[in-house]
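> Sequence and predicted structure are below.
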Amino acid sequence: MKRVSLFFTLAVAAGFASQAATAETLKTVKDRGQLSCGVSTGLPGFSNPDDKGNWTGLDVDICRALAAAIFNDPSKIKFVPLSAKDRFTALQSGEIDVLSRNTTWTLSRDTSLGANFTGVTYYDGQGFLVKKSLKVNSALELNSASVCVQTGTTTEQNLADYFKGNNMKYEVIAFAGQDETVKAYESGRCDVFTSDVSQLYAERLKLANPADHVVLPEVISKEPLGPMVRHGDDQWFDIVKWVLFAMVDAEEMGVTQANVDEMAKSDKPDLKRAFGTDGNLGEQLGLTKDWFYRIIKAVGNYGESFDRNVGTGSKLQIARGLNQLWNKGGIQYAPPIR
Amino acid sequence: MTTGPRKPPPQFVFRLKRALGGRSGWSGLALQVLFAAVLIWIAYEIVANARANLETQRIISGFGFLRNNAGFDVSQSLVPYTGSDSYAWVFLVGLLNTILVSVIGIFFATVIGFIVALGRLSPNWLVSRIAGGYVELIRNLPLLFQLLFWYLAVLGALPGPRQSIAVFGSYLSNRGLVIPRLIPEAGLAPVVVALVAAIVVAFGLRYFTRRLLFEKGRAITIWPYVIGLLIGLPLIAALMFGAPFSLEVPVLKGFNFSGGTRVIPELVALLVALSTYTAAFIAEIVRAGILSVHRGQMEAGLSLGLSRGSVLRLIVVPQALRVILPPLTNQYLNLTKNSSLAVSIGYPDLFSVFAGTALSQTGQAIEILAMTMGVYLLLSLVTSAVMSFYGWRLGRSLGA
Ligand SMILES: N[C@@H](CCC(=O)N[C@@H](CS)C(=O)NCC(=O)O)C(=O)O
């Protein structure tokens, strides 16, 4: 373990000490021929590898869209699985170009880590998972409970706030890896497993008997999840930001993976700007004129990615809720492409 | 110019020279200065570069974060801790938890290690086979695997708190072992005084019997009296002045027990895994040490009429210890370092709460990793120093 920590320090030091890590990420990525994308160690719906090592998920789609925009090939990605506590160090040290791993946007993370959030891919909130047999109906009945949580998460901090705020006692058992966290919950070491609600649904699928567990109604925090990039490279920041906006705008404009070829021929001014048949917005970003086409062709629009990964077309069956477009009752909103 | 015989260089200079290739005179000195200069330059370059990069990326640096609120809770702390304490306090909490598991782990590893070693050397075929099997099995399975085995498969299989196994007001469940807590009462002071008195008398007795043994050759068995004293005196004090402690018995309340003292399963799993694992290595070291003592010593002891146990204790083990100590120290250091595997089973050691949680919350990797590694280094140095001191005393008492 000492060796691991030594290795880690050296890696960090090397990362900090090398000049190339910060500037010109786009060029670095192009020269490398591959995008290095930080993801979770496996979270169905968000970033999850199958038996063959193919990654899928909402967070993965952001990286696929990036790779499509840069290389016109959504498979030119190296996925780097990261636990919650290792993710920021990996970004800071330059090991990854973008962190797309259900990470909550908070003020301190936005400022002190030397990184920026580029947008919100999923509006989430924290919840509690308990065994049905405990007959608990509300989080306020959890006084004196043992709670399993993953370290290095906002979850861990919200948990402390919530129990303190409600004058309840609890025991926290914090694990580095999610497998151990879930196993400890399953074995009965904890009464409660807490995490972002979307992740509770995802983890519940992995339990031996998903129907024996219930998510309590309380949502105790705001967890806007989004991708992160390092400070100091505004061009790269813009690119990652607009890749997500492109997907959201595409949904709003009715552009889908299926009709993208047809829509690309459209006469409508906003579509012409997006597809680059009018103007050179893509090039202004440092990408190509057809950046928008490439993205939608590769991963579809935001709504399609949502449905396929976490929504009605997936095992998770999560409703759009807050993540519906702003003009359909949700709060997903992207600035205009013009 | 003829002078007297050349004085040997002082130890330090001599060692340094040897370490650097042993050239003497001006060329050697110049080489050393150059070497040092290059090292300093490299170190400077790394620090300066890292600083510049931290600044351009606008990553906060420095140790100011230590004063900020940590905002997360931990499951076990030897000092009072809540989420509104500072990161500096978290550091202390983690450090104490690391020291706790290391010290207890070292104790058990040593005891088990010696027992297994003696078992392996035992003339009894079955005992020596069992001890040998233990060493082979434990040494060949990865520690992390054993840790998870103890934690998830063994302790995780215990019943929940509502069905816990109850013995003498203590409860064993998958939440750990809850035992009644001792609360000091008025009778505590007299009992402590009585205990101290008993200890003093015991030492006096020992001194007296040793003199009798060495001067007159008469051996007297005193341990039954000593035990009687150690138990009897405090007992009399307690009967006269009242019980030293009252018991706070744990009761099941809600999801968990309240009251009493609890040993969390994470600590137990870590202790069991670390001490059984390290014990296997210690056993081999001890066995080698004992075998290194010439057989004649044993035979001589036996022919003097000493029992096998006495020969081992008085003659063989003290000599073997000189061989055993250095590699044993190594095992102690390994155990301390391996304790950082705690993070995978949720035991709040230094590596987990400070280099894990605090690091990811503050992002100050360089500062936190430097502090953490500094601590492991310090713990290693302290362990080595203690062991060297012990070795030095041993050497003196053996007259070497
Ligand atoms: N959104 C929260 C929590 C993120 C998080 O790491 N959640 C865990 C809960 S299961 C997870 O996704 N683990 C997956 C992994 O470690 O690979 C944060 O940014 O701190």
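Received, thanks.
> Could you use CA atoms for every contact and neighbour count after this?
Noted.
> give me the element the residue of the stretch 51-200 of chain B found nearest the ligand is part of.
Here the stretch 51-200 of chain B gets closest to the ligand at one residue, residue B:72, 12.5 Å apart by C-alpha to the nearest ligand atom. Using DSSP states H and E, residue B:72 maps to neither a helix nor a strand.
> burial count for it?
Using other C-alpha atoms under 10 Å in any protein chain shown, residue B:72 is surrounded by 27 other residues.
> repeat for residue B:89
21.
> residues contacting it?
By C-alpha atoms under 8 Å, 6 or more residues apart in numbering or on different chains, the contact list for residue B:89 reads residue B:81.
> My read is that residue A:90 contacts residue A:96, right?
Yes: with contact defined as C-alpha atoms under 8 Å, residue A:90 reaches residue A:96; the gap is 6.2 Å.
> So these two - more neighbours on which side?
Neighbours were tallied for residue A:90 and for residue A:96 using other C-alpha under 10 Å; the higher tally belongs to residue A:96 (24 against 21).
> Please report the distance of the more buried one from residue A:206.
Look at residue A:96 and residue A:206: by C-alpha to C-alpha, to the nearest Å, they are 28 Å apart.
> Strands along the stretch 51-200 of chain B, start to end?
Using DSSP state E, counting those that start in this stretch, the strands of the stretch 51-200 of chain B run over B:165-167, B:170-173, B:176-179, B:181-184.
> Please identify the pairing partners of the last one and their relative orientation?
Just to be clear, that refers to strand B:181-184. strand B:245-248 (antiparallel) (DSSP bridges).
> Distance from the chain centre to whichever helix or strand comes after the partner strand, please.
Using DSSP H and E, the helix or strand that follows strand B:245-248 in sequence is strand B:251-253. Chain-centre distance of strand B:251-253: 34 Å, with C-alpha atoms, centre = their mean, to the nearest Å.
> Next: stretch A:269-280.
29 Å.
> Which positions in that stretch come out as buried?
Residues A:271, A:272, A:273, A:274, A:275, A:276, A:277, A:280 are the ones in stretch A:269-280 that count as buried (16 or more other C-alpha atoms under 10 Å in any protein chain shown).
> The second one contacts residue A:262, doesn't it?
No: when contacts are counted by C-alpha under 8 Å, residue A:272 is not listed as touching residue A:262 (12.0 Å).
> Near chain B, which residues of the stretch 51-200 of chain A are found?
Contact residues, the stretch 51-200 of chain A versus chain B (C-alpha under 8 Å from any C-alpha of the partner chain): A:84-89, A:109, A:111-115, A:142-146, A:151-153, A:156-157, A:159-161, A:171-177, A:180, A:183-184, A:187-189, A:191.
> switch the cut-off to 7 Å
Selection of the stretch 51-200 of chain A residues close to chain B by C-alpha under 7 Å from any C-alpha of the partner chain yields A:85-86, A:88-89, A:112-114, A:144-145, A:151-152, A:156-157, A:160, A:171-177, A:180, A:187-189.
> Select from these every entry located in strands.
Under the assignment DSSP state E, these contribute A:145, A:171, A:172, A:173, A:174, A:175 to strands.
> so what's the second one up against?
With C-alpha atoms under 7 Å, 6 or more residues apart in numbering or on different chains as the criterion, the residues that contact residue A:171 are A:145, A:146, A:147, B:75.
> so what's it bridging to?
In beta-bridge terms (that is, DSSP bridges), residue A:171 pairs with residue A:146.
> Please tabulate the contacts of residue A:171 in JSON lines and include neighbour count, pLDDT and distance to the ligand as additional columns.
As requested, these are arranged in JSON lines below (neighbours: other C-alpha atoms under 10 Å in any protein chain shown; pLDDT from 0 to 100; distance: C-alpha to the nearest ligand atom, whole Å):
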{"residue": "A:145", "neighbour count": "20", "pLDDT": "94", "distance to the ligand": "19"}
{"residue": "A:146", "neighbour count": "23", "pLDDT": "95", "distance to the ligand": "17"}
{"residue": "A:147", "neighbour count": "26", "pLDDT": "96", "distance to the ligand": "13"}
{"residue": "B:75", "neighbour count": "17", "pLDDT": "91", "distance to the ligand": "19"}
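> Scan the chain for its longest helix.
Using chain A. Using DSSP state H to define each element, chain A has its longest helix at helix A:234-253.
> try chain B instead
helix B:87-121.
> In that one, which residues are buried?
Buried residues in helix B:87-121, counting neighbours by 16+ other C-alpha under 10 Å, are found at B:87-103, B:105-106, B:108-121.
> Settle this for me: residue A:279 is touching residue A:273, isn't it.
Yes: between residue A:279 and residue A:273 there is a contact under C-alpha atoms under 7 Å: 6.2 Å.
> Pull up the gap between residue A:336 and residue B:247, please.
Noted for residue A:336: a distance of 70 Å to residue B:247, by C-alpha to C-alpha.
> what bits of chain A have low per-residue confidence?
Flagging of chain A using pLDDT under 70 yields the residue ranges A:1-23.
> what about the strands in it?
For chain A, the strands defined by DSSP E occupy A:35-39, A:48-49, A:55-56, A:77-81, A:98-99, A:115-117, A:122-124, A:126-131, A:145-150, A:170-175, A:192-196, A:213-215, A:223-225, A:228-230.
> Can you spell out the domain ranges of chain A, please?
According to automatic domain parsing, chain A comprises the domains A:9-123+A:225-328, A:126-221.
> ok, back up a step: just the closest of the buried residues of stretch A:269-280 to residue B:81, please.
Nearest to residue B:81 among the buried residues of stretch A:269-280 is residue A:274, at 55.3 Å by C-alpha to C-alpha.
> tell me the contacts of that closest one?
Counting by C-alpha under 7 Å, 6+ apart, residue A:274 touches A:292, A:337.
> Next one: it from chain B, what distance?
According to C-alpha to the nearest C-alpha, to the nearest Å, residue A:274 and chain B sit 32 Å apart.
> how near is that residue to residue A:334?
13 Å.
> next one: residue B:272
The gap separating residue B:272 from residue A:334 is 55 Å, by C-alpha to C-alpha.
> what does residue A:96 give?
In this view, residue A:96 and residue A:334 are 25 Å apart by C-alpha to C-alpha.
> got it, and residue B:249?
Distance, residue B:249 to residue A:334, using C-alpha to C-alpha: 60 Å.
> Which elements pack onto the helix or strand hosting residue B:45?
Following DSSP H and E, one finds residue B:45 within helix B:25-56. Applying 3 or more C-alpha pairs under 7 Å, 6 or more residues apart in numbering or on different chains; DSSP states H and E, one finds that helix B:25-56 contacts helix A:2-17.
> The ligand contacts on the stretch 51-200 of chain A?
Residues of the stretch 51-200 of chain A found near the ligand (C-alpha under 6 Å from any ligand atom) are A:82-84, A:102-104, A:153-155, A:177-178, A:195, A:199.
> Okay, now the unreliable bits of chain B?
Those would be B:1-25, B:399-400, if you go by pLDDT under 70 across chain B.
> Spatially central residue in it, please.
Note on chain B: the residue nearest the mean C-alpha position is residue B:103, at 2.7 Å, using C-alpha atoms, centre = their mean.
> now swap in chain A and tell me
Nearest to the geometric centre of chain A sits residue A:102, at 3.3 Å (C-alpha atoms, centre = their mean).
> In contact with that one: list those residues for me.
Contacts of residue A:102 by C-alpha under 7 Å, 6+ apart are A:225, A:226.
> One more: residue B:230?
Applying C-alpha under 7 Å, 6+ apart to residue B:230 gives the contacts B:195, B:198, B:199.
> hmm, back to that, determine which two of the residues of the stretch 51-200 of chain A next to the ligand are furthest apart.
Distance extremes for those: the farthest pair is A:104 and A:177 at 17.8 Å, using C-alpha to C-alpha.
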